[in-house]
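Chemist: Next input, structure requested:
(one chain, ligands or ions: 2)
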Amino acid sequence: MAVTQQASVKPLKAKDFKGKVEPDWCAGCGDFGVLRTLQRACAELGLQPHEILTVSGIGCSSNLPGYFNGYGMHTLHGRALAVATGAQMANHELTVVATGGDGDGYGIGGNHFTHTARRNVDMTYLVMNNQIYGLTTGQVSPTSEEGMKTKSTPYGSVEMPVNPITSAIMNGATYVARGFSGQALHLVSLIKQAILHKGFALVDVFSPCVTFNHDNDYKFFKPRVRKLEDIEHDTTDWKAACEKAMVWGDDIYIGCFFQKLAPSLHNLEGVLDEGGPLAHRELGVTNEQAQRIIKRMM
Ligand SMILES: Cc1ncc(C[n+]2csc(CCOP(=O)(O)OP(=O)(O)O)c2C)c(N)n1
Ligand code: SF4
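Modeler: Residues are numbered from 1 along each chain as shown. Ligands and ions are numbered 1, 2, ... in the order given. Predicted coordinates for the structure are as follows:
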């Protein structure tokens, strides 16, 4: 993304990124922490609301654009990345942040997750991973642990969960991190790095669903999370990144697993790379021609 700080513009505080709608999340939901850290990260980067677009799918977490002061789109279940890609192609000067849940992003939206990563579309993807379907009241999700009992798996899930970190790395994402909504300052720093990164940046966040997932709650994560920054880890080594991302037990790593520099999709498309964002260019058609095109499409 392009962070364009203008000298004459008043720097904002996190509270200036509060949307007009109050979140209707359950008390204690991890998503509150993610929303606050995103607001703080945007303020610390000196961004203005008109420079940011948040795009989501469907789910409790996907309600985030309504709670955030900026441009926002609440789209269809699993389609946040497709819409965010379109917006980023049309205006690559926007800071595009796609948000949503594990069901939305890694289940129904899994196809878009693969292709947005491999295309290295310049955006941040903030996934509130609570390892359950929250909005639909507690069914198994693609990241639910094997054996987990949910409304739809009363005898325990028999499926192997998706690992978002290894998937993103193998698909070609160029910034891949994991955060925890209970570690706010650390998460702010990851979100800032992701927004500043040029390319597809995933921040998968453990964001507990306190109502429907009693296995992976704050009590589970707090004693287990270990920051990669506190141990020796080379973020350019994809194999080491995948090995650390697969550790799941007494230690669970959070932090930046992997980062590399590579051209983003809009840099590879000559027509988009040269001449500034499409959204700022003259259309080059007369009013009459535009009316004819619209008529033909109706
Ligand atoms: C096409 C379609 N299929 C299914 C649904 C029902 N549905 C809404 S949200 C959701 C899952 C939400 O889980 P997740 O994305 O993990 O978000 P959370 O609510 O946990 O934040 C489902 C299955 C839908 N809205 N549209
Ligand atoms: S159901 Fe779960 S994910 Fe949804 S708002 Fe409540 S705690 Fe959060």
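
Chemist: Show me what from this protein comes close to ligand 1.
Modeler: Applying the criterion CB under 6 Å from any ligand atom, the portion of the chain that neighbours ligand 1 consists of 58-61, 77, 100-104, 128, 130, 132-136, 141, 209. Any C-beta I mention is one placed from the backbone N, CA and C, and that applies to glycine too.

Chemist: mind listing which of those residues are in strands?
Modeler: The strands, defined by DSSP state E, take in 100, 101, 128 from the residues of the chain next to ligand 1.

Chemist: Turn these into a markdown table, including neighbour count and distance to residue 221.
Modeler: Written out in a markdown table, the entries for those read as follows (neighbours: other CB atoms under 10 Å; distance: CB to CB, whole Å):
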| residue | neighbour count | distance to residue 221 |
| --- | --- | --- |
| 100 | 32 | 20 |
| 101 | 32 | 17 |
| 128 | 31 | 13 |
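
Chemist: quick check, nearest of those residues to residue 27?
Modeler: Nearest to residue 27 among these is residue 128, at 16.2 Å by CB to CB.

Chemist: ok, that closest one - contacts?
Modeler: With contacts defined as CB atoms under 8 Å, 6 or more residues apart in numbering, residue 128 is in contact with 30-31, 34, 60-61, 64, 99-102, 181, 205, 207.

Chemist: again, 10 Å this time
Modeler: Residue 128 makes contacts with 29-31, 33-35, 56, 59-62, 64, 99-102, 104-105, 134, 181, 203-209, as judged by CB atoms under 10 Å, 6 or more residues apart in numbering.

Chemist: Sort out which of those are in helices and list them.
Modeler: In helices, defined here by DSSP state H, the members of the contacts of residue 128 are 31, 33, 34, 35, 102.

Chemist: The last one and ligand 2: what is the separation?
Modeler: Applying CB to the nearest ligand atom, to the nearest Å, one obtains 10 Å for the distance of residue 102 from ligand 2.

Chemist: and residue 53, that one's in a strand?
Modeler: Yes. Assessed with DSSP: H, G, I helix; E, B strand; the rest coil, residue 53 lies in a strand.

Chemist: what's near enough to touch it?
Modeler: Taking CB under 10 Å, 6+ apart as the contact definition, residue 53 lies against 65, 70-73, 83-84, 87-88, 91, 94-98, 123.

Chemist: Specify which member of the residues you listed is nearest to ligand 2.
Modeler: Checking these against ligand 2 by CB to the nearest ligand atom gives residue 65 as the nearest, at 15.3 Å.

Chemist: If you tally nearby residues, what's the number for the closest one?
Modeler: Using other CB atoms under 10 Å, residue 65 is surrounded by 23 other residues.

Chemist: Next, the contact list for it, please.
Modeler: With the criterion set at CB under 10 Å, 6+ apart, residue 65 makes contact with 19, 21, 53-56, 71-75, 80, 97-100.

Chemist: Roughly how far does it sit from residue 83?
Modeler: Residue 65 sits 11 Å away from residue 83 when distances are taken as CB to CB, to the nearest Å.

Chemist: now swap in residue 283 and tell me
Modeler: Applying CB to CB, one obtains 22 Å for the distance of residue 283 from residue 83.

Chemist: Equivalent analysis for residue 39, please.
Modeler: The span separating residue 39 from residue 83 equals 22 Å under the rule CB to CB.

Chemist: Neighbour count: these two, which is higher?
Modeler: Remark: of residue 39 and residue 83, residue 39 carries more neighbours, 24 against 20, as counted by other CB under 10 Å.

Chemist: Taking the stretch 101-250 of the chain, what residue is nearest to ligand 1?
Modeler: residue 101 (2.4 Å).

Chemist: Quick check: bridge partners of that residue?
Modeler: Using DSSP bridges, the bridge partners assigned to residue 101 are residue 128.

Chemist: list the contacts for it?
Modeler: 31, 56-62, 64, 77, 107, 109, 127-135, 141, 143, 207, 209.
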